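1. dropping a prediction and its sequence here:
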Amino acid sequence: MIQLTPVMRRLLLGLALVLALPASAQAAQVSAFYYPWYGTSAADGSYLHWSQLGHAPPNDIASAYYPARGLYSSADRVVVGEQMDEIRNAGIEEIVVSWWGRGSAEDARLPTVVAAAHADGIAVAVHLEPYLGRSVESTVADVAYLRGYGIRSFYVYRPFDLPVADWAAAKAPLHAGGSTFYAQTPLAGAAAAAGFDGVYTYDIVVYSGDKFGRLCAEAHAAKLLCAPSVGPGYDARRGSGDPKVKPRRRGATYDAMWRSAIAAGADEVTITSYNEWHEGTQIEPAAVFPRRRGRYRYATYDGAYGLHGSAAEYAYLIRTRYWSDVFRSTSPLQPKTKAS
C-alpha cells in the first residue's frame, strides 16, 4: 500500500472535491459544529481533552478514532488554518464554535478561530453551551460580548434548562443587531413561544433522520427555520463512557441522514460534527495507518465510500462536499431569517 505524504493527501482531497458536484448557490445553508478545546503538552502544558476520562496521551486518547494530523492544540494557528481549509473545501459555509462562557479555554481560542475562518470566507456562529451558572440574563450579556467578534448567529444547546418565559422576555435584547437564534429542541411550539428563530437537533442518536420530516413540518408551521443535524455515526465509549453506538456503516449512516434532511425540506443542514472526537461524530480526517498506537487500537474510516488506505482518511470530507452541493442544488435558496 502506497503511503501518502501530507502534501499528497491535500492534493488528493482537492482533486476529489473538484470532481464533486459543482456548487450552485450563495446562501449559507450548511453548518458544522466545531470544537476549539484541544491541547497538547508541548503547546499548552498538558493534554487538554485528549486525556478526558483518565486516558494517557499520546497513545491512549479519549476517542474511538485517532486524528490523521496527530494530537493537536486548538491554539495552534497553523492547525486551525488547515482545518478551515478542509471545512471550506468540504462545502461548509459556517462553523458553530463550542463556547463555554467568558474566561473559558474556548473563549480564549475564539479570536484565532474567527480570524482563520474569515480568512477562508467561512461564517462563524457560536454554540452557547450550558456552562455553570448560565441564565437567560447571562446569555444576553454573552451575546452582546460575542457581537464584538462580528458574530450574529447563535445556537443554544439545552435551551429549556431555563424557562420559556425568561427567553421570551429577553427577545428584544437578544435580537438586537439582527441576530438569529436557534434552539436545540424538537419542540417547535416552545421555541416559537420563547422567541427563537429556528430549531436544530444536534444529537444524531436520539434525533435520527426519520424524525426530520415532522420536525421541519412543525417548525415551518410555527414560522421557524428548520436546521436538522446530520452525522456520520456515534461512538463515545472511550470519550465519555456512553455505551450507545451508532455505527457508521462505511458511510451509509451519513448518507441516510443527509437524504432525510433534504427530503424534510430543511432550511439549513447542521453537521454533528467537524471534530467532536470524544463522541466519534467527527468528519475531520482520522488515521488509517497505524491503526494501533502502542497497545491501543483505534477505529478508522477504511472502506467508507469504497476508499481504502490513506485515501479513506478524507472520506467524510469528500462526501460532505457531495451532499452539501446536492442540498444546495435541490433546496430553494433562502436568506437566514425566519421561514415565511
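-> In hand now; what should we look at?

2. just give the nearest non-adjacent residue to Y207, would you?
-> T201 (3.7 Å; CB to CB, 6 or more residues apart in numbering). Placement of C-beta: from N, CA and C, glycine included.

3. before we move on, what about G189?
-> A222 is the one closest to G189 (CB to CB, 6+ apart), at 6.0 Å.

4. I figured the one you found was touching A194, is that so?
-> No. Using CB atoms under 8 Å, A222 is not in contact with A194; the gap is 11.0 Å.

5. neighbour count: those two, which is higher?
-> The neighbour count for A222 versus A194, taken as other CB atoms under 10 Å, is higher for A194 (25 against 20).

6. chain neighbours aside, what residue packs nearest to the more buried one?
-> Nearest one to A194, counting by CB to CB, 6+ apart, is W167 at 3.7 Å.

7. try V30
-> V30's closest residue in space is S324 (CB to CB, 6+ apart), at 4.4 Å.

8. show me what the strand or helix carrying the one you found is packed against.
-> Assigned by DSSP states H and E, S324 falls within helix 315-330. Using 3 or more CB pairs under 8 Å, 6 or more residues apart in numbering; DSSP states H and E, the elements in contact with helix 315-330 are helix 6-19, strand 30-34, helix 77-89, helix 252-263, strand 269-271.

9. most neighbours per residue, which of the ones you listed?
-> Ranked by mean neighbour count, the helices and strands packed on helix 315-330 are led by strand 269-271 with a mean of 29 (mean count of other CB atoms under 10 Å).

10. the next helix or strand after that one pairs with which strands, parallel or anti?
-> Where DSSP H and E defines the elements, the next helix or strand beyond strand 269-271 is strand 292-293. Under the criterion DSSP bridges, strand 292-293 sits next to strand 296-297 (antiparallel) in its sheet.

11. chain center to the strand it pairs with, what's the gap?
-> Remark: strand 296-297 is offset 26 Å from the chain centroid, using CA atoms, centre = their mean, to the nearest Å.

12. my guess is V30 meets I92, correct?
-> Yes. Here V30 reaches I92: they are 5.2 Å apart, a contact under CB under 8 Å.

13. what do the two both touch?
-> 271, 320, 324 (CB atoms under 8 Å, 6 or more residues apart in numbering).

14. okay, now R295: neighbour count?
-> R295: 7 neighbours (other CB under 10 Å).

15. contacting residues around it?
-> N59.

16. low-confidence ranges, the stretch 151-300 of the chain, go.
-> 289-291 (pLDDT under 70).

17. need the helices for it, in chain order.
-> Here the stretch 151-300 of the chain has its helices, by DSSP state H, counting those that start in this stretch, at 164-169, 171-175, 188-193, 212-221, 252-263.

18. would H127 count as being in a strand?
-> Yes. Under DSSP: H, G, I helix; E, B strand; the rest coil, H127 falls within a strand.

19. for G303, give its distance to Y131.
-> 39 Å (CB to CB, to the nearest Å).

20. should've said I151
-> Going from I151 to Y131 by CB to CB gives 17 Å.

21. ok, Q282 touching E276?
-> Yes. At 5.8 Å, Q282 and E276 qualify as touching, with contact defined as CB under 8 Å.

22. of the two, which one has the most company?
-> Neighbour count, other CB under 10 Å: between Q282 and E276, Q282 has more, with 26 against 23.

23. give me the phi and psi for that one.
-> Backbone geometry at Q282, expressed as degrees, to the nearest 10, gives phi -70, psi 150.

24. list the contacts of it.
-> By CB under 8 Å, 6+ apart, the neighbours of Q282 are 65, 232, 273-276, 316.

25. how close does it get to K246?
-> From Q282 to K246 the distance is 13 Å (CB to CB).

26. repeat for I95
-> 23 Å.

27. which residue of the two possesses the greater neighbour count?
-> Taking neighbours as other CB under 10 Å, I95 and K246 compare with I95 leading, 30 against 19.

28. the residue nearest to Y207: how many residues sit nearby?
-> 23.

29. so what's it up against?
-> 184, 186, 207, 211, 215, 228-229, 270.

30. so which of the residues you listed are in strands?
-> 184, 229, 270 (DSSP state E).

31. shouldn't A188 be in contact with A222?
-> Yes. Counting by CB under 8 Å, A222 is a contact partner of A188 at 4.4 Å.

32. how about the contacts made by the spatially closest residue to N275 that is not a sequence neighbour?
-> If the residues on either side of it in the chain are set aside, N275 comes closest to E284, at 4.4 Å by CB to CB, 6+ apart. Residues counted as contacts of E284 (CB under 8 Å, 6+ apart) are 67-68, 83, 86, 274-275, 277, 317.
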